[in-house]
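Participant: Got a predicted structure here, sequence first:
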Amino acid sequence: MAFGKIGIDFGTCEMKYCLYGTGIFGSEPCVAAVDAHTGRVLAYGKAALDWEGRESDTVRMVHAMQDGVIANYALLRYMARDITDRMCKNRIIKPEILAGISTGVTETEKRAMLDVLY
């Protein structure tokens, strides 16, 4: 059985992911609650949706993907790394990742997506 293979679909609204051979599957909204002063991520995905409507001067909602392309590189990288770390904890070897992105993206956008994952 081939463990350590992750499939990720970066959608505009949701990021879907699965770990091959284990049945672990999940989906997280591509949104985060970010501290407006420090830029620190307070919560992302479903946890960030709890903050929606309660934004203040110190907390703002940020979307990682917009119109099928990366809108916030640092946030998307944070989310992808956290998800892969949760799925492959206690692993020494990096997992193989298969990522789905929108059709019609430019070569620059493809390279940016590869940078997010590595």
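Facilitator: Looks like it came in fine.

Participant: partner strands of the helix or strand bottoming out on mean pLDDT in the chain, parallel or antiparallel?
Facilitator: Considering only helices and strands, the least confidently modelled element of the chain by mean pLDDT, DSSP states H and E is strand 69-70, at a mean of 80. As defined by DSSP bridges, the strand partners of strand 69-70 come to strand 65-66 (antiparallel).

Participant: Quick one: mean pLDDT for the helix of greatest length in the chain?
Facilitator: The helix spanning the most residues in the chain, taking DSSP state H as the definition, is helix 73-87. When the per-residue pLDDT values of helix 73-87 are averaged, the result is 85.

Participant: Show me what it is in contact with.
Facilitator: Contacts to helix 73-87, defined as Cβ atoms under 8 Å, 6 or more residues apart in numbering, come from residues 6, 8, 10, 15, 17, 19, 24, 26, 28, 30, 32, 34, 41, 44-45, 62, 64-65, 70, 95, 97, 112, 115-117. All C-beta spots, glycine's among them, are computed from the backbone N, C-alpha and C.

Participant: again, 7 Å this time
Facilitator: Judged by Cβ atoms under 7 Å, 6 or more residues apart in numbering, the contacts made with helix 73-87 from elsewhere in the structure are 6, 8, 15, 17, 19, 24, 32, 41, 44, 62, 64-65, 70, 95, 112, 116-117.
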